[in-house]
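Engineer: Quick one, fold the following:
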Amino acid sequence: MELIFQKNNIGLGKRKQSIARVFLVPGEGNLIINKTSGDKYLQYNETYLTTVWSPLEKLNLEKQFDIVALVNGGGLTGQSQAIQLGVARLLCKMDQENRKILKPFGFLTRDSRIKERKKYGLRKARKAPQYSKR
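Structural biologist: Residues are numbered from 1 along each chain as shown. Presented below is the predicted three-dimensional model:
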């Protein structure tokens, strides 16, 4: 299954270290992530699947489009949330009226929290070695 995608029909989503390029194709509600079935890729986890589909469900469009996503980096949580942001951005690009519906749910907000760097003298970013009085 080889699909040709245009540059202007791409939704870019980022979360933690994950980057998702999302395409919406007219279809019957399939999810394809990295040329794999979305259910299999997300390990049949109901939380991840509802996260990915939630922008389309709010607009009652889940049976009209297929989601094709290319993701890399991070783990499954970050990847699923990056796909969600990409889908929401793409829906707003298709129709500006969708923005008014999706914005109150927080689908268009990029979650900018990333891993804090490790500091010298500490075990992790903030975890210090056990204090010894003597």
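
Engineer: residue closest to the middle of the protein?
Structural biologist: residue 82 (1.9 Å; Cα atoms, centre = their mean).

Engineer: Just checking the distance from the helix ranked longest in the chain to the centre of its chain.
Structural biologist: Using DSSP state H, we find that the single longest helix of the chain is helix 76-94. Computed by Cα atoms, centre = their mean, to the nearest Å, the chain-centroid distance of helix 76-94 equals 5 Å.

Engineer: again with stretch 16-29
Structural biologist: Centre-to-centre, stretch 16-29 and its host chain are 8 Å apart (Cα atoms, centre = their mean).

Engineer: CA atoms only for that stretch, dumped as CSV, please.
Structural biologist: C-alpha atoms of stretch 16-29 as CSV (Å, rounded to 0.1, in the frame of the first residue of the first chain):
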residue,chain,number,x,y,z
LYS,A,16,8.9,14.7,24.7
GLN,A,17,11.4,13.1,22.2
SER,A,18,8.7,11.9,19.8
ILE,A,19,7.9,13.4,16.4
ALA,A,20,4.9,12.4,14.5
ARG,A,21,4.0,13.2,10.8
VAL,A,22,0.3,12.6,10.4
PHE,A,23,-1.8,12.3,7.2
LEU,A,24,-5.6,12.0,7.1
VAL,A,25,-6.8,9.9,4.2
PRO,A,26,-10.5,9.4,3.3
GLY,A,27,-11.4,5.9,4.5
GLU,A,28,-13.4,4.0,7.1
GLY,A,29,-11.5,4.6,10.3
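
Engineer: Show me what the longest helix of the chain packs onto, helices and strands only.
Structural biologist: Applying 3 or more Cβ pairs under 8 Å, 6 or more residues apart in numbering; DSSP states H and E, one finds that helix 76-94 contacts strand 11-15, strand 18-26, helix 46-58, strand 65-72, helix 97-102. For glycine as for every other residue, the C-beta is placed from the backbone atoms N, C-alpha and C.
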